[in-house]
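Asks: Build me a structure from this.
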Amino acid sequence: MSFLVLMALAVAPGLAIAIYVYWRDKFEREPLSLMVKCFVLGMVSIIPAILLELLGTKVFGNYSPDNFFQTAFHAFVIVGLSEEWSKYLFLKGYAYRKSDFNEPYDGITYSVMVSMGFATLENIMYVAQGGFEVAILRMFLSVPAHATFGVIMGYYVGLAKFRQHSLRLRMIGLFLAMLFHGAYDFCLFLNTVSYLVLGALASLIIGVVLSLKAIKHHAVYSPFNPTHLESPSDSLV
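Replies: Next up, the predicted model:
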């Protein structure tokens, strides 16, 4: 299979998810130029994530699938927290400050753009090494998983922009994204079929369900929705 076809397979899922989330914003869509910048910044966010993971591995050592607690720490903290905090850094430092961020749904939009930039570059790196099989697996597992982490974080970051106690809401978003990311990776790191099927897929499915709920919630209660209603609850879970 040609290198160009592999790269197309690596890039396609992230772009497709980004377009879907952008399309779901039916009432007040964000400037495309800002979307592209957030996507590119998501790619850049892989740099601090890698540095943090290398530092964490150097300080705490690598993990062994036979060591439950060591594997959990590596999945949730060294990988999950490092990657989600790196995405959050660019989401909060750039998109959150923009005047176009003018409704809660925008938190989801910008967060997903950053997440899909991150996931797309990561996908290119893995697919370049692993080939077609890796491209197909990551198309249906890893890239959608990153999207759910982005939606969940963005849901709370979107609320934080227009609520009191915004830091608390942003930290809830970061924590939940790290939690789902860690749970997904933990099941993969254990390197057994049962954990992969039951654990990683269950984590992904729950993340997708919550993500669709978050997207629907912010769309229905958008201030730009002609039938705008006050949200009865801000909680996703």
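Asks: CA atoms for contacts and neighbours, from now on please.
Replies: Fine.
Asks: and for the one helix or strand Cys187 maps to, what are the contacting residues?
Replies: Take DSSP states H and E as the rule and Cys187 turns out to sit in helix 166-189. Residues from elsewhere that reach helix 166-189 (CA atoms under 8 Å, 6 or more residues apart in numbering): 65, 71-72, 75-77, 79-81, 84-85, 88, 145-146, 149-150, 152-157, 159-160, 195-196, 199-201, 203-204, 207.
Asks: repeat that for 7 Å
Replies: Contact with helix 166-189 is made by 65, 71-72, 75-76, 80-81, 84-85, 149, 152-154, 156-157, 160, 195-196, 199-200, 203-204, as judged by CA atoms under 7 Å, 6 or more residues apart in numbering.
Asks: Which among the residues you listed count as buried?
Replies: With burial judged by 16 or more other CA atoms under 10 Å, the buried subset of these is 65, 71-72, 75-76, 80-81, 84-85, 149, 152-154, 156-157, 160, 195-196, 199-200, 203-204.
Asks: Could you report the neighbour count for Leu41?
Replies: By the criterion of other CA atoms under 10 Å, Leu41 has 21 neighbours.
Asks: Pass me the low-pLDDT residue ranges in this structure, would you?
Replies: Across the chain, the ranges flagged by pLDDT under 70 are 1, 193-199, 221, 228-237.
Asks: In it, which residue is most central in space?
Replies: Central residue of the chain (CA atoms, centre = their mean): Gly150, 2.9 Å from the mean position.
Asks: mind checking the SS state of that one?
Replies: Classification of Gly150 using DSSP: H, G, I helix; E, B strand; the rest coil returns helix.
Asks: wait, it sits on Val112?
Replies: Yes. Applying CA atoms under 7 Å as the test, Gly150 and Val112 come out as touching, 4.8 Å apart.
Asks: buried stuff in the longest helix belonging to the chain?
Replies: Of all segments of type helix in the chain, defined using DSSP state H, the longest is helix 105-130. Under the neighbour-count criterion of 16+ other CA under 10 Å, helix 105-130 has 105-124, 127 buried.
Asks: Quick one: the strands in the protein, in order.
Replies: Taking DSSP state E to define them, one finds no strands in the chain.
Asks: what about the helices in it?
Replies: Using DSSP H, the helices found in the chain span residues 3-24, 32-44, 46-60, 68-73, 82-93, 105-130, 132-140, 142-161, 166-189, 193-194, 201-220.
Asks: Neighbours of His165, how many?
Replies: His165: 10 neighbours (other CA under 10 Å).
Asks: Kindly apply the preceding question to Thr192 instead.
Replies: Residues lying near Thr192 (other CA under 10 Å) number 11.
Asks: Could you do Ile206 as well?
Replies: When neighbours are counted by other CA under 10 Å, Ile206 registers 13.
Asks: Next one: it from Leu89, what distance?
Replies: Look at Ile206 and Leu89: by CA to CA, to the nearest Å, they are 25 Å apart.
Asks: Glu30 too?
Replies: Per CA to CA, Glu30 is found 20 Å from Leu89.
Asks: can you tell me which residues contact the closest residue to Asp106 other than its chain neighbours?
Replies: Nearest in space to Asp106, with sequence neighbours left out and distances taken as CA to CA, 6 or more residues apart in numbering, is Gly158 at 6.2 Å. Listed by CA under 7 Å, 6+ apart, the contact set of Gly158 reads Glu103, Pro104, Tyr105, Asp106, Gly107, Ile108.
Asks: Perfect, that will be all.
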